[in-house]
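coords please:
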Amino acid sequence: ITPPKGLGNHSTGVFHLIRFLQNFGKKDRTTDELFEIYQTNFNKQQTNATRLLKELKNYQTCAREMQSASKSLLDCMSDIYENDWPGQESLPDRIKSIEMLWGDLCHKLNDQCTIPMSTYLSQFSEIRNKIDKRGRKLLDYDAARHNHETIQAASKKRDDMKLTKSREQMDESRRLYEVLNKELHEELPALYDSRIPFYINMFQTLFNSETQFHQEYSKVDHKLAEMIEQLAIEAAKGTFQSDAGRYLSQIQQQQQHSPTSMNKSLDQSTNDDSMMIQKQPINNDESDSADLESPIPPPHSVKSSSQMKNNKETNGDDHDDDSGEHNGKTNGTCNNSDG
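The predicted model follows:
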């Protein structure tokens, strides 16, 4: 097996060769399963903290953009809101209140969330360097141990200087490794456990700040909504109408209350009623029964014989009077002709 290219001095080349052989199982190495668990948790914790800091910075940037957009919108509203409209004198103060609320929220996000998160994340770099240094010291210790075992196997004398020197190098390498390893066994679990109280404090600050912001913001928004509602009421009364608009409104009201318009509306309602009657569907059962039942004529009144006789006499007298009057008129005419 050839060692990797680009090695430096002899010792560095030996150490890289030992690591290379360890990866392929040719050399034994010191393992620490508990430390590997700590290191896995550390890597996950650092990844999450880095992502959270990135999202906090993005959130803070968006909050500042919203502050700017809100200010521009309300400034435009203030420009178009006329002086005689209701609530115009209090509008600048309410716009200023909204701007201050946005500024306070952005300030809290930066001082109580983003900066503490950056400080929390900065300690990972120091721990990362110590983990890397531990790995190098572990490799040094494995190399010194392997070197001592090789010299010990080849040496025939126990008091050989080479053997003594290799033992001293092995002991020193082990001491340096164990010091770092012990520190990390204490620091890594403590750092991992610290994530819970830190996240609790940071998220509580974030959400409490947002809650206070939205509560105060909703109060100002409610006042603005009431101001616009008052404007709508006054506009419905015609308070802000121009002279031409007021004149047209009066004409429309007069036309609505004139008799002609009332007759037209009455005729229209009558036509609508007749059309509704014509459009009503005819029940087939009722029409069939109406066809089967023919109307019964009213009974003739029966007169008595005395009533009939009196009627006949009355009619006869009337007839005689009419005939006598007719004869008189005829005789008169004849006498006049004779004379």
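
Hmm, Ala153 and Leu163 touching each other?
No - applying C-beta atoms under 8 Å as the test, Leu163 and Ala153 come out as separate, 10.1 Å apart. Just so you know, the C-beta spots here come from the backbone N, C-alpha and C atoms, and that holds for glycine as well.

More neighbours: those two, which one.
Leu163 (16 against 7; other C-beta atoms under 10 Å).

Now do the helices in the stretch 51-200 of the chain.
Along the stretch 51-200 of the chain, counting by DSSP state H, counting those that start in this stretch, helices occupy 91-109, 115-154, 161-193, 195-236.

for those helices, which one sits closest to Gln67?
Closest approach to Gln67 among the helices of the stretch 51-200 of the chain is made by helix 91-109 (3.6 Å; C-beta to C-beta).

Next, the angle from the closest one to helix 115-154.
10 degrees (axes from the mean of the first three to the mean of the last three C-alpha atoms, to 10 degrees).

Just list what helix 91-109 packs against, helices and strands only.
helix 33-80, helix 195-236 (3 or more C-beta pairs under 8 Å, 6 or more residues apart in numbering; DSSP states H and E).

Export those helices to TSV and append columns for distance to Asp171.
TSV is the format used below for the helices and strands packed on helix 91-109 (distance: least, C-beta to C-beta, whole Å):
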stretch	distance to Asp171
helix 33-80	21
helix 195-236	37
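
For Leu184, find the nearest of these.
With respect to Leu184, and counting by C-beta to C-beta, the nearest of those is helix 33-80 at 6.8 Å.

I'd like to know which elements the closest one is packed against.
By 3+ C-beta pairs under 8 Å, 6+ apart, helix 33-80 packs against helix 91-109, helix 115-154, helix 161-193.

Using TSV, lay out the helices and strands packed on helix 91-109 together with mean neighbour count.
Shown next, in TSV, are the helices and strands packed on helix 91-109 (neighbours: other C-beta atoms under 10 Å):
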stretch	mean neighbour count
helix 33-80	14
helix 195-236	13
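
among those helices, which is nearest Arg145?
Here helix 33-80 is closest among the helices and strands packed on helix 91-109 (C-beta to C-beta), at 18.0 Å.

ok, now how distant is the residue lying closest to Gly103 once chain neighbours are set aside from Leu73?
Excluding its sequence neighbours, the residue lying closest to Gly103 (C-beta to C-beta, 6 or more residues apart in numbering) is Gln67, at 6.6 Å. When C-beta to C-beta, to the nearest Å is the yardstick, Gln67 and Leu73 sit 11 Å from each other.

residues touching the residue nearest to Gly103, list them.
By C-beta atoms under 8 Å, 6 or more residues apart in numbering, Gln67 lies in contact with 99, 102-103, 105-106.

just Glu172 next, same as before
Taking C-beta under 8 Å, 6+ apart, we find Glu172 in contact with Ala144.

hmm, 6 Å instead?
Residues near Glu172 by C-beta atoms under 6 Å, 6 or more residues apart in numbering: none.

what about His148, how many residues close to it?
His148 has 21 neighbours, counted by other C-beta under 10 Å.

isn't it right next to Glu168, touching?
No - His148 lies out of contact with Glu168 (C-beta atoms under 6 Å); the separation is 9.2 Å.

Just send the helices and strands packed on helix 91-109 back as CSV, with mean pLDDT and distance to Asn129 too.
Below are those laid out as CSV (pLDDT from 0 to 100; distance: least, C-beta to C-beta, whole Å):
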stretch, mean pLDDT, distance to Asn129
helix 33-80, 96, 12
helix 195-236, 95, 20
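
re the thing from before, out of the contacts of Gln67, who has the most neighbours?
Going by other C-beta under 10 Å, Leu105 tops the contacts of Gln67 with 22 neighbours.

how close does it sit to Met117?
Leu105 sits 17 Å away from Met117 when distances are taken as C-beta to C-beta.

Point out where the stretch 151-300 of the chain drops to low pLDDT.
156-159, 242-255, 257-300 (pLDDT under 70).

one more time with 50, if that's ok
262, 266, 276-277, 279-296, 298-300 (pLDDT under 50).

neighbours around Leu180, how many?
If you count neighbours by other C-beta under 10 Å, Leu180 ends up with 17.

Quick check: phi and psi at Asp32.
With angles defined as degrees, to the nearest 10, Asp32 sits at phi -140, psi 100.

For it, give its distance to Leu184.
Counting by C-beta to C-beta - Asp32 and Leu184 are separated by 10 Å.

Compare neighbour counts for the two and give me the winner.
Legend: neighbour count by other C-beta under 10 Å for Asp32 and Leu184, higher for Leu184 (21 against 14).

Who are the contact partners of that one?
Leu184 sits next to Arg134 when contact means C-beta under 6 Å, 6+ apart.

Over to Phe42?
Leu188.

please begin residue numbering at 25 from this point
Noted, 25 is the first residue going forward, which turns the last one into Phe66.

For it, give its distance to Ser218.
From Phe66 to Ser218 the distance is 12 Å (C-beta to C-beta).

again with Ile155
In terms of C-beta to C-beta, Ile155 sits 17 Å off from Ser218.

When these two are compared, which one has more neighbours?
Legend: neighbour count by other C-beta under 10 Å for Ile155 and Ser218, higher for Ile155 (19 against 13).
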